[in-house]
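Peer 1: no letters, just coordinates:
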């Protein structure tokens, strides 16, 4: 039985999109799981009542699996990350994360202010031993299966040691949440050769090549990411610093719009396009876990639709049920204890 | 009258693709311009004769505008950059570039070993005063007009000062070769705000915001590149370090393949797709100038088709005729003389 806390107040379209997402998720979650709606009770109740009144009986029948958890404050999209910790101690983010720290919840999901969510998660849930920073692991659609790209925005200037940490975090995520045994971990660079890349990447390559307990397949290039594979085989996890990862992520979000426009101009029908390109829709892949913290904190896009919120909840469940966070802690501990150079 | 030197031996499909590209270019270049085919005369002659024998009379009539320049050595794709300078002093690259240094040619175009071309160009043509490194400016197709992204691979670890130099180089390129007066220059980052980015980008933002003689419009994000615009208007030049630029470039090359596959699966016809996506074809935009050197050196993709070679030649011509290199020198000199912080 898992309890998923949803930041009902977070995101550009909250609370309508968050409540709608929770109702969608209930239809897909096994009956033993429940959702905690965290935020201002009167706002949540009003929205929930309105949506339930218009819902099918099958949806209404599941409403008992929702609980409302009061949080008096709301973090705005424009608030600084520090506000999440000091300025608004009773925000829906802080309350949702404290539930987990106190053992009353199993995962936290939010489409709110990402910087605030990172800060609050790190502050309240804490990082696993041996880590200096958390990382965001985002799924990039590919021609094969989605590829985990991390860090996709939590860290801008990364050391080689941090890139190596990201590789370890990504490996456990791919194994636990995506169900890929012995995932292939690659380092993003500007050539396959170990001597290609910037200073941090070259050093990280040396460390990863010597590291134990990780299936490091070497460098990949930008072109390999949308293919989900390189010359040497499939790629499950791509490691890069958060500056590169974030630029790439936003670039990727934008390319389908460009191509949609080009194809529409050439007479391909909108229905054909929409069908074909839906695989490139980020919402289909749900939220991105903040990796490295002791617990589960799922970051959703601020513009999340109900479908995206629902998928974020499902990711939160898989992350909690697979005990990914515990596994990360164990893996890091065994690395520290081992003789890895 | 401009004389464009083409590395007849350079590229995966040389000399067939390079000779074919030269013949295509002759049909588009104004009659006063000529092409110098640099390489092994016997190889060039044999290929040229074979292609001319099969060509239309209109093509054969223009063959007198081709001259063959002997170069005994060839740089291989696997040669180290230093080979271009010391190991093979009579390579087609070195000979083609020396022609320009001696005033006997106006531009050099190659689809050969990029690292070798950068090294040889910097060694033979030299950098403009005030520069520490050259940069590669690549055109990215966008929903509007192509966007210059630089550096796209010549430099991996870049200082803020180098990013500022790239902005100046890109501005002159966009003005001279793309014909965009007062081009909008943007810095690639992970948020619009000046305080977003890694250390080098944040410092470069401060310097660019204070710089004179440059239309700096602030930060753009990855999503703005395929749109060719941001919230604040059109974007002509995007400045980034060569690691980010190269990852993005190769990523972008690969995305259409993915989408092509998705659409083909959904029943869109191959003809519709090919027509719609040809705007994303790099070959259509020709080669990328190595910016900052005193002269013209156009870098083409190793896999260049004849069409791509032809477009590289046209870019070489525009670059030479517009006197872009002189303008870069003048612009840098006036910056050094001015009171720009």
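Peer 2: Cool, got the structure. Not measured: the values here are computed from a predicted model.
Peer 1: what bridges to the residue most central in space within chain A?
Peer 2: Computing the C-alpha centroid of chain A and ranking residues by CA atoms, centre = their mean puts residue A:288 first, at 0.7 Å. When bridges are called by DSSP bridges, residue A:288 pairs up with residue A:299.
Peer 1: my read is that it contacts residue A:299, right?
Peer 2: Yes: here residue A:288 reaches residue A:299: they are 4.9 Å apart, a contact under CB atoms under 8 Å. In short, each C-beta sits where N, CA and C put it, glycine included.
Peer 1: quick one: common contacting residues for the two?
Peer 2: Residues touching both residue A:288 and residue A:299 (CB atoms under 8 Å, 6 or more residues apart in numbering or on different chains) are residue A:136.
Peer 1: now the strands for the stretch 151-300 of chain A?
Peer 2: A:185-188, A:216-220, A:229-230, A:233-234, A:237-239, A:288-291, A:297-299 (DSSP state E, counting those that start in this stretch).
Peer 1: winner for burial among those strands?
Peer 2: The highest average neighbour count among the strands of the stretch 151-300 of chain A, using mean count of other CB atoms under 10 Å in any protein chain shown, belongs to strand A:237-239 at a mean of 32.
Peer 1: now the strands of the stretch 151-300 of chain A as TSV including mean pLDDT?
Peer 2: Compiled in TSV, these are given as follows (pLDDT from 0 to 100):
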stretch	mean pLDDT
strand A:185-188	98
strand A:216-220	97
strand A:229-230	95
strand A:233-234	96
strand A:237-239	97
strand A:288-291	76
strand A:297-299	81
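Peer 1: make TSV from those and add distance to residue B:104 to it.
Peer 2: Listed next are these as TSV, based on distance: least, CB to CB, whole Å:
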stretch	distance to residue B:104
strand A:185-188	43
strand A:216-220	41
strand A:229-230	44
strand A:233-234	50
strand A:237-239	47
strand A:288-291	57
strand A:297-299	60
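Peer 1: which one of those lies closest to residue B:248?
Peer 2: Set against residue B:248 and scored by CB to CB, the strands of the stretch 151-300 of chain A come closest in strand A:185-188, at 11.0 Å.
Peer 1: give the buried residues for stretch A:119-127.
Peer 2: Residues of stretch A:119-127 classed as buried: A:119-125, A:127 (neighbour count, 16 or more other CB atoms under 10 Å in any protein chain shown).
Peer 1: which residue sits closest to residue A:304, ignoring its sequence neighbours?
Peer 2: With sequence-adjacent residues excluded and distances taken as CB to CB, 6 or more residues apart in numbering or on different chains, residue A:304 is closest to residue A:111, at 4.0 Å.
Peer 1: wait, what's in contact with residue A:202?
Peer 2: Residues in contact with residue A:202, defined by CB under 8 Å, 6+ apart, are A:160, A:194-196.
Peer 1: show me how chain A divides into domains.
Peer 2: Domain assignment for chain A by automatic domain parsing gives A:1-131+A:292-341, A:135-283.
Peer 1: any chance of these in CSV, with distance to residue B:335 too?
Peer 2: Conversion of the domains of chain A to CSV gives the following (distance: least, CB to CB, whole Å):
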stretch, distance to residue B:335
domain A:1-131+A:292-341, 36
domain A:135-283, 27
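Peer 1: so which of these gets nearest residue B:96?
Peer 2: So among these, domain A:135-283 is nearest, using CB to CB, at 25.1 Å.
Peer 1: coming back round to it: closest one to residue B:17 among the domains of chain A?
Peer 2: Here domain A:135-283 is closest among these (CB to CB), at 20.8 Å.
Peer 1: wait, doesn't residue A:190 sit right on residue B:152?
Peer 2: No: under the criterion of CB under 8 Å, residue A:190 is not in contact with residue B:152, lying 9.8 Å apart.
Peer 1: so for those two, which sits in the more crowded spot?
Peer 2: For residue A:190 and residue B:152, the more surrounded residue by other CB atoms under 10 Å in any protein chain shown is residue B:152, and the numbers stand at 27 against 23.
Peer 1: OK, contacts around the more buried one?
Peer 2: Neighbouring residues of residue B:152 by CB under 8 Å, 6+ apart: B:135-138, B:242, B:245-246, B:248-249, B:288.
Peer 1: return the residues of the stretch 1-150 of chain A in contact with chain B.
Peer 2: The stretch 1-150 of chain A comes close to chain B at residues A:141-143, as judged by CB under 8 Å from any CB of the partner chain.
Peer 1: and of the residues you listed, the nearest to chain B?
Peer 2: residue A:143 (4.9 Å; CB to the nearest CB).
Peer 1: quick revisit: among the residues of the stretch 1-150 of chain A next to chain B, which lie within strands?
Peer 2: Among those, no member is found in strands (DSSP state E).
Peer 1: how about JSON lines for the residues you listed, with neighbour count and pLDDT added?
Peer 2: Shown next, in JSON lines, are the residues of the stretch 1-150 of chain A next to chain B (neighbours: other CB atoms under 10 Å in any protein chain shown; pLDDT from 0 to 100):
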{"residue": "A:141", "neighbour count": "23", "pLDDT": "83"}
{"residue": "A:142", "neighbour count": "21", "pLDDT": "85"}
{"residue": "A:143", "neighbour count": "17", "pLDDT": "84"}
